[in-house]
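In: Pasted the sequence and its predicted model underneath.
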Amino acid sequence: MRYQTRRAVMSGIVGTAALTLILAWGPSIGAPPLNLPLWDGTFFTLNLGLAVAVGYVLHFLIGIGLALWYQRWWRDRLQGEAWVRGALFGLAVWGALMLVGLPLFDWLDPLVENGLMAAPGLFALGLGAAAPVILLAAHLVYGALVGAITGVDAVEPVRRRA
């Protein structure tokens, strides 16, 4: 794996961990519980313990995949400091989630279908006004971390002549 690819993978892990922690912290400031790994995992099983485990794997794979996409495609096309470019990318990911991901979730996820969870809907407003705000903050931090970590140019090792 090339250095920049490893850096993008690491940025995806760090950014996704930060996003997940922010969402876990949300209820302490009045935001609704937003357990994205559980939501993702229930696409595969309604065994909630297994769904969380599967969901965390999927959640981090999505975060790494988005970081790789950012590093390969978006990083050099956006303007500004590295963390600002990443935050803009995080804003775009948030927008896609709000406009496409969560409305699709309403129709496809067994938690909603079985009445175990309210349908998030457009901009997650089905979960309350704080939901889109905390999701925005989490995605901005995710993007800023991905941008900052992948924005540092690789330093090629100096090879000595023998």
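Out: Nice, I can see it.
In: Moving along the chain from the helix or strand of the chain with the lowest mean pLDDT, name the first helix or strand you hit.
Out: Every helix and strand in the chain was compared by mean pLDDT, DSSP states H and E; the lowest is helix 110-113, with a mean of 88. As assigned by DSSP states H and E, the chain's next helix or strand after helix 110-113 is helix 130-150.
In: Which of the residues in stretch 11-19 are classified as buried?
Out: Neighbour-count burial for stretch 11-19, counted by 16 or more other CB atoms under 10 Å, picks out Ser11, Gly12, Ile13, Val14, Gly15, Thr16, Ala18, Leu19. Yep, even glycine has a C-beta here, placed from its N, CA and C like the rest.
In: now it, how far from the centre of its chain.
Out: With CA atoms, centre = their mean, to the nearest Å as the basis, stretch 11-19 stands 7 Å off its chain's centre.
In: Identify all contacting residues around it.
Out: Stretch 11-19 is contacted from outside by 59-60, 62-68, 71, 138-139, 141-143, 145-146, 148-150, using CB atoms under 8 Å, 6 or more residues apart in numbering.
In: That'll do, ta.
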